[in-house]
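Peer 1: Provided below for reference: sequence and predicted model.
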Amino acid sequence: MPIKIQTDLPAIEVLESENIFVMTHERAALQDIRPLKIVILNLMPTKIETETQLLRLLSNSPLQIEVDFIHPTTHISKNTSASHLNTFYHSFEDVRQNRYDGMIVTGAPIEQMPFEEVDYWHEMTEIMEWSKTNVYSVLYICWGAQAGLYYHHGIKKYPLSQKLSGIYNHTVLNPYHPLMRGFDDNYFAPHSRHTEVRLSDVTKDSDLIPLAVSDLAGLHIVAEKNGRAFYVTGHAEYDRDTLAKEYFRDVNKGLNPSIPYNYFPDNDHTKTPPFTWRSNAHLLLSNWLNYYVYQRTPYHFTDISHTISPEEFTYEI
């Protein structure tokens, strides 16, 4: 189904080459339906690449999706041009009065810093607080997930002895939860981080449900019982070569990184990595959009602060 984005966004050319239906504002105006309104807080340094990755996954939706991008204005981006940000991004102040069906908060390569030392942390907390009343369901990714769990639930992150990088096998803990509907009992997903949140901390919070975990990578997906927020500690959106780009970047910096786990065939970095997480990445985003954005969000945005009762999420364990 179509994603409604600006005509000249760089992601359009890539998405159209993959036969993904991208709809311009002009064509969307001819369809008499209300699109889902999604805002993406993009904290990644490779913003254009992340835009394409997320829009690709959002394409498996039942309706039009109208996407706004925002970025923290209290941080100066070193990897994305001011022209791109000025053309395709809003500030938080620009959208503060808006209401959205869903929001995605991306990761950021800053997980080794204390949250309060991040230069845009105050702005980040403003956005997370605003989301309680202006966004129906939020999907937090990697550092964004750690930040969300810390801000909303007081759950700490812990440093790892070395960077966790690779493709890890995960076990679904709650196969009947709507977000995990259609997942195999075990599935692969990428991770790329220096810190972790722990299952033992999450299980102490009665408002949270752990949905998937890895023996090697730890906790992967956590849900709030009311469906208003989900926390994914990995990078389902990553392309086939994203971990390779990160690995070679660190090699060129002289950081002597470990080769990503279970990624290159035979651990040979000259071989093409198999794309073993693509289908469940699409499933994760489409389940979120279908069960927690499209089916649950109020038609009228004035009702967006409505909280789903836990009774609506009864499922067999």
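Peer 2: Cool, the structure landed.
Peer 1: ok, which stretches of the stretch 201-317 of the chain are helices?
Peer 2: Using DSSP state H, counting those that start in this stretch, the helices of the stretch 201-317 of the chain run over 242-252, 278-287.
Peer 1: and V232, which of the ones you listed is closest to it?
Peer 2: Of all the helices of the stretch 201-317 of the chain, helix 278-287 sits nearest to V232, with 7.3 Å by C-beta to C-beta. To be clear about C-beta, it is placed using only N, CA and C from the backbone, and glycine gets the same treatment.
Peer 1: any chance of the helices of the stretch 201-317 of the chain in a markdown table, plus mean pLDDT?
Peer 2: Shown next, in a markdown table, are the helices of the stretch 201-317 of the chain (pLDDT from 0 to 100):
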| stretch | mean pLDDT |
| --- | --- |
| helix 242-252 | 96 |
| helix 278-287 | 95 |
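Peer 1: would a markdown table of those helices with mean neighbour count and distance to G107 be doable?
Peer 2: Shown next, in a markdown table, are those (neighbours: other C-beta atoms under 10 Å; distance: least, C-beta to C-beta, whole Å):
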| stretch | mean neighbour count | distance to G107 |
| --- | --- | --- |
| helix 242-252 | 16 | 11 |
| helix 278-287 | 20 | 14 |
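Peer 1: and the ones you listed: which comes nearest E224?
Peer 2: Short answer: helix 278-287, nearest of the helices of the stretch 201-317 of the chain by C-beta to C-beta, at 15.0 Å.
Peer 1: run the chain-centre distance for that closest one.
Peer 2: 11 Å (C-alpha atoms, centre = their mean, to the nearest Å).
Peer 1: what do you get for stretch 180-188?
Peer 2: 18 Å.
Peer 1: for stretch 260-277, same thing?
Peer 2: On C-alpha atoms, centre = their mean, the centre of stretch 260-277 falls 23 Å from that of its chain.
Peer 1: returning to that earlier point: of the helices of the stretch 201-317 of the chain, which approaches E129 most closely?
Peer 2: Nearest of the helices of the stretch 201-317 of the chain (C-beta to C-beta): helix 278-287, 24.7 Å.
Peer 1: show me what that closest one is packed against.
Peer 2: If you count contacts as 3 or more C-beta pairs under 8 Å, 6 or more residues apart in numbering; DSSP states H and E, helix 278-287 packs onto helix 47-58, strand 186-196.
Peer 1: and those as TSV, adding mean neighbour count and mean pLDDT?
Peer 2: Listed next are the helices and strands packed on helix 278-287 as TSV, based on neighbours: other C-beta atoms under 10 Å; pLDDT from 0 to 100:
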stretch	mean neighbour count	mean pLDDT
helix 47-58	22	92
strand 186-196	21	98
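Peer 1: can you redo the ones you listed as JSON lines with distance to Y238?
Peer 2: Shown next, in JSON lines, are those (distance: least, C-beta to C-beta, whole Å):
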{"stretch": "helix 47-58", "distance to Y238": "7"}
{"stretch": "strand 186-196", "distance to Y238": "5"}
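Peer 1: ok, which of these comes nearest N79?
Peer 2: Across the helices and strands packed on helix 278-287, closest to N79 is helix 47-58 (C-beta to C-beta), at 7.3 Å.
Peer 1: so which elements touch the closest one?
Peer 2: Against helix 47-58 (3+ C-beta pairs under 8 Å, 6+ apart) you get helix 11-17, strand 36-41, strand 65-70, helix 82-88, helix 278-287.
Peer 1: report the buried residues of the longest strand anywhere in the chain.
Peer 2: Counting residues, the longest strand found in the chain (DSSP state E) is strand 158-172. Neighbour-count burial for strand 158-172, with 16 or more other C-beta atoms under 10 Å as criterion, is recorded at 163-168, 170, 172.
Peer 1: which residues touch that strand?
Peer 2: 112, 180, 183-198, 211-217, 220, 234, 243, 246-247, 257-258, 260-263, 273, 276-277 (C-beta atoms under 8 Å, 6 or more residues apart in numbering).
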